[in-house]
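Undergrad: Give the three-dimensional model of this entry:
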Amino acid sequence: MSQNYLKYIQNETFYELFYVENINLSHNFLEFIQYHLFRDTINLIDLDLSFNNIEYIEEKSFQNLKNLKDLYLESNLIISFNKLGILTSIKNIVLDSYILNDSKSFSNLMDSIQVRLFK
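TA: Reported below is the predicted structural model:
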């Protein structure tokens, strides 16, 4: 679904896709991530939301992603991170072009997570 000029994704898009391990929504025009968008993708390992226009990620949007290892958010317009959900399995969150204004936004992430900030 990468590079498809998507601006909006309905909540039902990934409904009952329990066995999907990778979703690439990069290089679109997404502006926000809805709370229930990924609720059924419980085996998701790799989620690429990079190179969009995402400003807001709804609270606990990633809470059902118990197997998520890599989250790519670089080149977005994210204003802040707030209560993304408990990401116990995450290994990498990749951010680019992001100014971290609120360090408390990452308080729900484990200490072992590698957060890479690029300029």
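Undergrad: where along this protein do the strands fall?
TA: 22-24, 32-33, 46-48, 56-57, 70-72, 92-96, 114-118 (DSSP state E).
Undergrad: can those strands go into JSON lines with extra columns for mean neighbour count?
TA: The way it works is simple: take the backbone N, C-alpha and C, and place the C-beta from them, glycine included. Formatted as JSON lines, the strands of the chain follow (neighbours: other CB atoms under 10 Å):
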{"stretch": "strand 22-24", "mean neighbour count": "15"}
{"stretch": "strand 32-33", "mean neighbour count": "20"}
{"stretch": "strand 46-48", "mean neighbour count": "20"}
{"stretch": "strand 56-57", "mean neighbour count": "20"}
{"stretch": "strand 70-72", "mean neighbour count": "19"}
{"stretch": "strand 92-96", "mean neighbour count": "17"}
{"stretch": "strand 114-118", "mean neighbour count": "11"}
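Undergrad: Worst mean pLDDT among these?
TA: With a mean of 50, strand 114-118 has the lowest mean pLDDT of the strands of the chain.
Undergrad: which one is residue 22 nearest to, not counting chain neighbours?
TA: residue 46 (4.5 Å; CB to CB, 6 or more residues apart in numbering).
Undergrad: measure the one you found to residue 77 for me?
TA: 22 Å (CB to CB, to the nearest Å).
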